[in-house]
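1. Any chance you could fold what I've pasted below:
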Amino acid sequence: MEKLFIGAVFKATNVPRKTIRYYEELGLIKPVRRTRGGFRVYDETVIPMLRFIRHAQRLGFSLKEIRQVLSVWRRTGRTCETVQAIAQRKLEQLDKLLQRLTALREHLFKLTQALKNPDGCEPHSPEVCVFIMDALPLDEFPLRLPLPFPLAQAKPSKRRRRRRQKPSRRDDLWSDWEKEQEDDWDEWGQDWTS
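-> Below is the predicted model:
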């Protein structure tokens, strides 16, 4: 089996290095090992795995659903029932979304027809446009659904944690000196008050 570093995996799949690391963090893929320098080393099976992940995303599968499919595949080798259940849910969501979009199209069509003969448009009326105010907006449709697939793949930002530095010997000496000074001030204050 050929061993690949992350750069070679990127060249073979055109999946950015950050995304590969993110997939690894989510448990979708795993490196075979790490070198002494900490570099990830993958085997050649990661290439079809990444292609599968990207293709499933384009079909509307979320990363959570892809992880579910992959875990079933790793356990049993069979994913048909899992994929069918997820695809069925997606299909139902898509049908509801299509109904919602069709209703929106009808409302917008009625709005354009009403505006062909704008008898109710008076200059400087209290409402900017009476026709828009009479139309049912998108968020008040009876079917309220999010999109069954993400429009843009958002990734959580990762802030690097700063390593907590061990105090140096100089810092220890400085803090010891400060403590001595505080003690001296305390003693001086006691002498002053007595």
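
2. the helices in this structure, which residues?
-> 6-13, 17-26, 46-58, 63-76, 80-116, 130-134, 169-193 (DSSP state H).

3. nearest to residue 37, of these?
-> helix 6-13 (12.5 Å; CB to CB). From N, CA and C alone the C-beta is placed, and that goes for glycine too.

4. pLDDT (mean, whole number) over the closest one?
-> In this model, helix 6-13 has a mean pLDDT of 86.

5. Who are the packing partners of it?
-> Contact analysis of helix 6-13 by 3 or more CB pairs under 8 Å, 6 or more residues apart in numbering; DSSP states H and E lists helix 17-26, strand 40-43, helix 46-58 as its packing neighbours.

6. For residue 86, which of those is the nearest?
-> helix 46-58 (9.4 Å).

7. quick one: buried residues of the closest one?
-> Going by neighbour count (16 or more other CB atoms under 10 Å), the buried part of helix 46-58 is 46, 47, 49, 50, 53, 56, 57.

8. CA-only coordinates of it, as PDB, when you get a sec.
-> Taking C-alpha atoms only, helix 46-58 is exported to PDB below (Å, rounded to 0.1, in the frame of the first residue of the first chain):
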ATOM      1  CA  VAL A  46      -8.400   7.800   1.800                       C
ATOM      2  CA  ILE A  47      -8.800   9.000  -1.800                       C
ATOM      3  CA  PRO A  48     -12.000   7.200  -2.600                       C
ATOM      4  CA  MET A  49     -13.300   8.000   0.900                       C
ATOM      5  CA  LEU A  50     -12.800  11.800   0.300                       C
ATOM      6  CA  ARG A  51     -14.400  11.500  -3.100                       C
ATOM      7  CA  PHE A  52     -17.400   9.700  -1.500                       C
ATOM      8  CA  ILE A  53     -17.700  12.400   1.100                       C
ATOM      9  CA  ARG A  54     -17.600  15.300  -1.400                       C
ATOM     10  CA  HIS A  55     -20.100  13.600  -3.700                       C
ATOM     11  CA  ALA A  56     -22.500  12.800  -0.900                       C
ATOM     12  CA  GLN A  57     -22.300  16.500   0.200                       C
ATOM     13  CA  ARG A  58     -23.200  17.600  -3.400                       C
END
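
9. who touches it?
-> Contacts with helix 46-58, where a contact means CB atoms under 8 Å, 6 or more residues apart in numbering, come from 4, 9, 12-13, 15, 20, 23, 28-29, 31, 63, 65-66, 69-70, 153.
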